[in-house]
Each structure stands twice: as structure tokens, then as C-alpha cells.
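Visitor: A structural model of the following input is requested.
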Amino acid sequence: PVPPLSPTGGGMQHQSTRPFGSSRMKALQLHLCGISHATAGVEVRERFAVEPARLIEVLRRFARGGLSDQILLLSTCNRTELYAFGEGPEFAAALRRAFRSLDRRGGLGETGHTGAASAAHSNGASPGAAGAAHSNGAPPGAAGAARSNGARPGGTDGGLAIREAHGREAVRHLLAVVSGLDSLILGETQIKQQVRVAYEASREAGTAGADLHRLVQTANRVSKRVRTGTSLNLGTLDVGRAAVLQAEQELGSLAGKVCLVIGAGKIGRIAVRELASRRPARLVIVNRTLDRAMEAGGELGAEAAGLETLPGLLSKADLVLGAAHAPEFLVTRQAFEQARRGAGGDARATCVLIDAAVPRILDPEIGLLPGVRLFDIEHMTGIIEENRRRRHTAAAEAWRIIDGELTGETAVRLIASPRGTTACARGTRRPGGTVRTPGRQPRPARPGSRS
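Guide: Numbers count the residues shown, from 1 in each chain. As a prediction, this is how the structure comes out:
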């Protein structure tokens with residue numbers, strides 16, 4: 001079997017995992033271009049992160065630019081990956097340019113050398129789990145995916161390793177992603193919902209053609225086979241729970257502690273549920289939208305508060321867990337210092353901060369302050385590696401399921417599609433406002449429908 005994808009190494013030395021060949025390709029193939037926890041540190045991944053609310057806008061921009069009429073953009077805390085159907089090396093180059101345009105720093109030069117945000121940590125934690133090579137439980141002899149860009153918390157990024165693949169390798173990678181085999185926390189299940197969100201964005205943007213529809217359906221079916229046929233997802237760990245376990249390692253028992261969670265999304269709610277079971281003295285969930293915080297807090301027995309109350313809450317907190325979507329730091333070093341000094345707070349009291357968000361919402365320089373221990377998602381090394389060790393056998397079984405799917409006639413249809421068969425999936429909206437259903441003529445979108 002073909003081993004898991006390995007990232008391209010060193011700077012911007014882009015190369016595909018399989019050669020295109022000398023003759024022009026006669027069929028559309030799936031192409032992949034992206035970065036993940038295996039190829040880039042969090043300080044690089046946050047530059048390419050796309051908030052869920054912006055997915056449709058970005059997909060339509062790519063489609064209007066003529067990239068492809070079948071595009072999927074998957075952006076999570078673990079990865080930002082751009083999938084599209086096209087043909088030939090020229091298309092691969094266009095996809096690479098489209099991906100690089102996502103960089104919040106305005107794109108990279110030809111050399112790809114650009115400084116990365118420095119992540120300051122006072123806890124002396126070792127580089128994140130993504131910095132070490134691992135095989136994700138792949139079959140014996142399979143190459144592990146290792147971060148190769150030299151970036152690590154506390155250092156700088158001397159280049160950008162972009163992962164590229166096409167055809168069978170790209171399909172195999174997506175199946176592994178949806179099954180939880182390529183996640184930083186091996187076997188986590190949140191990725192399935194994240195792929196659903198990404199595909200729904202493609203439908204709304206008009207970039208979900210028949211080939212992409214068939215591919216996502218297959219990925220979901222394979223993921224279900226992995227879930228029911230192996231123990232990979234049993235008792236699975238997720239980011240919210242891992243963050244709470246990390247807090248317990250640092251603070252000991254959380255009973256009697258003041259715990260603050262920023263963000264009422266999926267990760268924040270999971271963290272609040274885990275924290276509530278530890279019986280803290282006070283548990284507060286903070287969100288930009290107070291109604292959503294109240295909804296989550298009411299369900300889980302936590303207090304609810306708006307972002308404007310953060311300074312007062314930070315002054316007394318023993319644990320701060322960041323899990324919100326925001327394009328900027330919600331807590332800066334200056335704001336944290338002022339909060340700890342004011343309102344009767346002790347500026348030197350021990351406080352553990354865990355930033356589970358990408359992009360990060362807690363200023364890394366907070367970790368330089370006395371009495372503070374700051375972790376990001378990659379510093380939960382021990383917890384992540386123990387989870388990986390326990391699931392190694394199940395992961396090998398999952399890889400066999402995936403490789404079995406990529407044999408026979410079914411695999412041929414997934415890997416390559418004859419030109420001219422890219423009709424959109426049922427109900428997909430094209431950028432022009434029409435709805436295209438395979439075998440039917442385009443019709444205008446209903447008045448008042450979302451576009």
C-alpha cells in the first residue's frame with residue numbers, strides 16, 4: 001500500500017507525491033494543496049486559517065478566478081487544505097497560488113522565507129507533538145508525517161512546507177482525514193462535522209460538482225466503516241477534553257478553582273462539560289454573543305458572561321481556556337497584566353492558560369509573565385502521544401479499510417473522472433445565482449433564498 005503523504009521539505013520546494021507524466025492528462029483528478037499540524041506549527045497554521053463564516057466568500061473568489069468548478073476548502077485547528085478537480089501540472093501550480101493567497105500576511109515571495117510569529121512560553125514545555133515524526137498507526141514501513149519547516153514554538157519559520165498530492169494520493173489523504181487518522185489527536189471525531197461544514201459551503205458557493213459529491217459521500221461511508229469496524233473512535237479524545245486534562249496536570253485537582261472558558265462553540269462546550277464534572281468553585285463561559293453563552297451555560301451549569309467582562313474575570317482566574325474564533329488576540333499581554341493587578345487580583349498568583357484556538361486568541365507573550373504557564377494546542381504532547389499509542393493497532397486496521405476502498409472499479413471513478421462530467425450536485429448554487437441539478441437545465445434561485 002502507498003504510505004501516508006509526506007510533506008515537501010525545506011522552504012518552498014514544491015513537488016507532488018507522484019509524477020504527472022509527460023503526456024497531457026485526459027481526465028480530471030483530485031488535487032490537494034495545504035498545510036497541517038504535520039507540516040507547520042500553530043504560528044504558521046493560524047496565518048492560513050479561514051473562519052467558517054468566510055468559506056463561501058473564499059470559494060466563490062476562487063471560482064470566479066477560473067480555478068475550478070469543484071473546490072473544497074477545509075480549515076480547522078489542525079489544517080487548512082484546498083481540494084479541487086483539474087488536470088495537468090498547470091492546474092497544480094494554479095492551486096498552489098490559490099492556497100498561498102490565503103496567507104494573512106499577504107502571500108509569500110518566491111523563496112517562501114518569511115518570519116513566523118514568535119510564541120513565548122515560560123513553562124519550558126517541549127515543542128509540540130507535531131514536531132516529532134509519527135506514523136498515525138500506518139501500516140509497517142509507512143513513512144510518518146513529520147513537520148519539516150523547522151518552525152516550533154519559541155522559534156521562527158524559515159520556510160513553508162506545503163503538502164501537495166493528486167489522484168490516488170489526494171483521495172487517500174481525504175479519506176484518512178475524515179476518518180480521524182490524520183488528526184493531531186488521533187481518532188477524534190469532530191473532523192467529520194468540520195468536513196460537512198466545508199462541503200455545505202461548497203454547495204452554497206456553487207463549487208460542489210458531481211465528482212466532489214461522490215468523493216465526500218465515499219469519505220463519509222469509509223469513516224463510518226472505520227468507526228464501526230475498529231476501535232479507533234472508542235472513548236476518543238478531543239481538543240476540549242485534552243485541554244482540561246492538561247490543566248489538571250498543571251494545577252492538580254480543579255475542585256475549588258476558578259475556571260474561565262472563552263468561546264461557546266463545540267470545543268468550548270466540551271471543555272465546560274469536562275470542567276463542570278471536576279466541581280470547580282466557579283465556572284464561567286464567556287462569549288461575544290451573550291445569548292449563546294447563556295444557552296451553553298444553562299445546559300452545563302456554568303455562569304455566562306460577555307467579552308466586556310473579561311478583565312474582571314481574569315483577575316481571579318486559576319485557569320483560562322481559549323476556544324473562540326477570532327482574527328485577533330482576545331487577551332493581550334497588557335490587558336492580562338492590568339486585569340491581574342486590578343480588582344483585587346494578585347499579579348503573581350499562579351494562572352494556567354490553555355489556548356485551544358487556531359488562530360490563537362491568547363497573546364503568546366502572556367507566557368513571559370511571572371506565575372503564568374501558557375500552553376497552545378501543540379504543547380499537550382504527553383496527552384496526545386499517549387492517545388496515539390493506545391490507538392496504534394486500531395489505526396493500522398483503519399488504514400487497511402481505506403486501502404481496500406482504493407481498489408477496483410469504484411476507486412477508478414474516485415481517482416479520475418472523464419472531462420465533461422462535472423455537473424454540480426443536486427441543489428448546488430452556482431456563483432451566478434442559478435441552481436444546477438444533474439440532468440436538468442439551470443433554473444433561477446428562489447426569491448429570498450440564500451446565495
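
Visitor: Any buried residues in the strand or helix carrying Arg388, and which?
Guide: Secondary structure assignment for Arg388, by DSSP states H and E: helix 381-390. Burial within helix 381-390, assessed by neighbour count using 16 or more other CB atoms under 10 Å, is assigned to 381, 383-384, 387-388. For every residue, glycine as well, the C-beta is placed using N, CA and C.

Visitor: Over to stretch 47-58?
Guide: 47-50, 55-56, 58.

Visitor: Give me the below-cutoff pLDDT ranges for the stretch 301-450 of the chain.
Guide: Where the stretch 301-450 of the chain drops to pLDDT under 70, the residues are 343-348, 410, 417-450.

Visitor: So which residues of it form helices?
Guide: 310-314, 333-341, 381-390, 392-405, 408-415 (DSSP state H, counting those that start in this stretch).

Visitor: relative orientation of the third one and helix 392-405 in degrees?
Guide: Right, helix 381-390. Orientation of helix 381-390 against helix 392-405 (axes from the mean of the first three to the mean of the last three CA atoms, to 10 degrees) gives an angle of 60 degrees.

Visitor: Determine the set of other helices and strands touching helix 381-390.
Guide: helix 239-251 (3 or more CB pairs under 8 Å, 6 or more residues apart in numbering; DSSP states H and E).

Visitor: got a list of contacts for the following helix or strand past the helix it packs on?
Guide: Helices and strands here follow DSSP H and E; after helix 239-251, the next one along the chain is strand 258-262. By CB atoms under 8 Å, 6 or more residues apart in numbering, the residues outside strand 258-262 that reach it are 247, 268, 271-272, 275, 280-287, 302, 310, 313-314, 316-324, 330-331, 361.

Visitor: Can you say which of those are buried?
Guide: 247, 268, 271-272, 275, 280, 283-287, 302, 310, 313-314, 316-324, 330-331, 361.

Visitor: Show me the shaky parts of the stretch 151-300 of the chain.
Guide: 151-159.

Visitor: can you pull out the strands in it?
Guide: 163-166, 258-262, 282-287 (DSSP state E, counting those that start in this stretch).

Visitor: so what strands line up beside the shortest one?
Guide: To tie it back to what came earlier, the one meant is strand 163-166. strand 27-36 (antiparallel) (DSSP bridges).

Visitor: now the strand it pairs with: how far from the chain's centre is it?
Guide: Its chain's C-alpha centre and that of strand 27-36 lie 17 Å apart, by CA atoms, centre = their mean, to the nearest Å.

Visitor: what does stretch 294-308 give?
Guide: On the basis of CA atoms, centre = their mean, stretch 294-308 is displaced by 25 Å from the centre of the chain it belongs to.

Visitor: ok, now stretch 356-366?
Guide: Taking CA atoms, centre = their mean, the mean C-alpha location of stretch 356-366 is offset from the chain mean by 15 Å.

Visitor: just the CA coordinates of it, formatted as CSV?
Guide: Taking Å, rounded to 0.1, in the frame of the first residue of the first chain, the C-alpha atoms of stretch 356-366 are listed here in CSV:
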residue,chain,number,x,y,z
ALA,A,356,-7.0,25.6,22.0
ALA,A,357,-7.9,28.0,19.2
VAL,A,358,-6.4,28.5,15.8
PRO,A,359,-5.8,31.3,15.2
ARG,A,360,-4.7,31.7,18.8
ILE,A,361,-6.7,34.2,20.9
LEU,A,362,-4.3,34.4,23.9
ASP,A,363,-1.2,36.6,23.3
PRO,A,364,1.8,34.2,23.5
GLU,A,365,3.7,36.9,25.3
ILE,A,366,1.4,36.4,28.4
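
Visitor: Nearest residue to the middle of the chain?
Guide: Thr76 (2.1 Å; CA atoms, centre = their mean).

Visitor: just to revisit the earlier point, nearest to Arg241, of the helices of the stretch 301-450 of the chain?
Guide: Smallest distance to Arg241 across these (CB to CB): 9.1 Å, for helix 381-390.

Visitor: Relative to the whole chain's centre, how far out is the closest one?
Guide: In terms of CA atoms, centre = their mean, the centre of helix 381-390 is set 19 Å apart from its chain centre.

Visitor: likewise stretch 31-44?
Guide: 9 Å.

Visitor: ok, Gln338 to Glu299 distance?
Guide: 32 Å (CB to CB, to the nearest Å).

Visitor: neighbour count winner among those two?
Guide: Set side by side, Gln338 and Glu299 show more neighbours around Gln338, with 16 against 12, by other CB atoms under 10 Å.

Visitor: now the more buried one: how far from Leu254?
Guide: From Gln338 to Leu254 the distance is 26 Å (CB to CB).

Visitor: what do you get for Ala40?
Guide: As defined by CB to CB, Ala40 lies at a distance of 32 Å from Leu254.

Visitor: okay, the two: which has more neighbours?
Guide: Ala40 (28 against 21).

Visitor: residues in contact with the residue nearest to the centre of the chain?
Guide: Shown in contact with Thr76 (CB under 8 Å, 6+ apart): 190-191, 194, 358.

Visitor: So it versus Gly180, what's the distance?
Guide: From Thr76 to Gly180 the distance is 12 Å (CB to CB).

Visitor: Over to Ala395?
Guide: For Ala395, the distance to Gly180 - CB to CB - is 9 Å.

Visitor: Beta-bridge partners for the closest residue to Asp376 other than its chain neighbours, please?
Guide: Leaving aside its sequence neighbours, Asp376 sits nearest to Asp355 (CB to CB, 6 or more residues apart in numbering; 4.7 Å). Beta bridges link Asp355 to Gly322, Asp376, judged by DSSP bridges.

Visitor: burial count for Asp355?
Guide: By other CB under 10 Å, neighbour count at Asp355 equals 29.

Visitor: And the helices of the stretch 301-450 of the chain: which comes nearest Thr230?
Guide: helix 392-405 (4.5 Å).

Visitor: For that closest one, name the packing helices and strands.
Guide: By 3+ CB pairs under 8 Å, 6+ apart, helix 392-405 packs against helix 168-178, helix 210-229.

Visitor: Mind listing what's buried along the longest one?
Guide: I take that to be helix 210-229. Buried residues in helix 210-229, counted by 16+ other CB under 10 Å: 210-213, 215-216, 218-220, 222-223, 225-227.

Visitor: I am finished for the moment; much appreciated.
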